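Enquirer: Generate coordinates for the sequence data below:
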Amino acid sequence: MNKIDLHVHTKASSDGELSPDEILMLAVDEGVGVIAITDHDSIDCVSETIKKAPQYGVEALSGTELFCKKDEKFLHMLGYCFDTDALEINRLIKNIAADRDRWLTEQIKLFRKKGLYAEEDKAREFCRDTPPLFSSAAYAMFYDERNANHPLIDEYKKYENPVHQISVRLLAYGKPFYTPHYIPDTSDFIKAVKASGGVPVLAHPGYDQMRVDFNDKRFMDSLVQEGLEGVEVYYTTHTEDDIKTYLKYCLERDLIYTTGSDFHGRYKPSIRLGQLGIMDYKIVENLKKRRDQIRVG
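Expert: Numbering: from 1, shown residues only. Below is the predicted model of the structure:
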C-alpha cells in the first residue's frame, strides 16, 4: 500500500519549489504512490509529471488549484483529471495570468499609499517566471529593509510563516490590502473544469482564512447546484470534527471526497509530501469514476 496525496505544488506555482522530477523522487522517498499536481493558476508542469511518473513507479493525475470567489467569499478550488490540452481550462488559466502583471503594479502602489515599500523586482525574485500571486507581493513587502521598523512588519514577525499570513490576512479577496484583479466565479471554474473532462472539488474548507460553514448548508448546496462534485475532506489542518462534518455532507450529497497535504516546499516548510498517510485507493477510484461520468454526460 502506498500513500495518496492529491494536493501537490511544483515550481509552476509561484510559491512552489520543486521540479516534476524532484517531486517524483520525493514521492518515492516518502512512500507516496499517487499524486495530483495542483499548481496555483497553472498546469505547466502537469503533463511532464504524468509522463515521467511511471519511471518512478508513481501514478500522477492532472490537477490545478485556482483562486475563486462566490457571493463575495474567497475560495480555493481544485480541478482533477481534466484533459490538459482542453480549450476551456487553458483559456481560464490564461485569462487569470494575463491580469497578474497589472495587478502586481497596482498592489505595490497600494503598499506605498499605506506607507510601506515594495519593489516589483523583489516580487519576481519570489515567483520567478510564473505569474505573481499574493505571496509574491507579500514577500516583496515583508523583506524590504525600508519597512524594517514598521509596526505592521513587527506584528507579522511573530508568525512562523509571515509571508503566507500576510497573503491570506491582508492581500486576499475581501481583505484590507486587496487590490482588484481577475478572479473567476466558482461557477465559471466548475464549468471550465467539467467542459475539459475534469472533476471540480472544493479545497480545504476548514482552512481558517477561507472556512466554509457546513452547519448552514445553503452556501455548500448552492455550490453543488453549480456542479461541484467533491470536497477535500482530508487536509493538513483539518480537525477530526472537521473531517466528520465534511465526510457526512459528501455522503449525504453524493459527492466524492479527496485527500491532500498542500505540499509546497520551503514556502510551507512544516508540510511534508504525503504527511496525512492516507492509503485508501478507493478515493482515487471514486475520483476517476466521477470523471468518467462527467465525460459521458
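
Enquirer: Helix or strand for the residue nearest the centre of the chain, just tell me which one.
Expert: Centroid-nearest residue in the chain, with CA atoms, centre = their mean: Glu65, separated by 3.8 Å. According to DSSP states H and E, Glu65 maps onto strand 63-70.

Enquirer: Cys45 versus the residue lying farthest from the centre of the chain, what's the distance?
Expert: Distance from the centre of the chain peaks at Asn149, with 32.3 Å (CA atoms, centre = their mean). Distance of Asn149 to Cys45, computed by CB to CB, to the nearest Å: 40 Å. Quick note: C-beta positions are derived from backbone N, CA and C, even for glycine.

Enquirer: what does Glu106 give?
Expert: 28 Å.

Enquirer: quick one: which of these two has more around it?
Expert: Cys45 (21 against 14; other CB atoms under 10 Å).

Enquirer: Which stretches in the stretch 151-297 of the chain count as helices?
Expert: With helices called from DSSP state H, counting those that start in this stretch, the stretch 151-297 of the chain shows them at 151-156, 162-166, 186-195, 218-226, 240-253, 282-296.

Enquirer: Need the winner for burial among those helices.
Expert: Comparing the helices of the stretch 151-297 of the chain by mean neighbour count (mean count of other CB atoms under 10 Å), helix 186-195 ranks first with a mean of 22.

Enquirer: Okay, angle between that one and strand 63-70 too, please.
Expert: 150 degrees (axes from the mean of the first three to the mean of the last three CA atoms, to 10 degrees).

Enquirer: orientation of helix 186-195 relative to helix 282-296 in degrees?
Expert: Calculated by the same axes, to 10 degrees, helix 186-195 forms an angle of 90 degrees with helix 282-296.

Enquirer: I would like the residues contacting helix 186-195, please.
Expert: 66, 68-70, 75, 77, 79, 82, 86, 88-89, 91-92, 184, 199-200, 223, 226-228, 294 (CB atoms under 8 Å, 6 or more residues apart in numbering).

Enquirer: Need the buried ones from these selected in PyMOL.
Expert: Buried residues among these (16 or more other CB atoms under 10 Å), as a PyMOL selection:
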select buried, resi 66+68+69+70+75+77+79+82+86+88+89+92+184+199+200+223+226+228+294
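
Enquirer: In contact with Leu18, which residues?
Expert: Counting by CB under 8 Å, 6+ apart, Leu18 has contacts Thr10, Lys11, Leu26, Gly265.

Enquirer: which residues does the last one contact?
Expert: Each residue near Gly265 by CB under 8 Å, 6+ apart is listed here: His9, Gly16, Glu17, Leu18.
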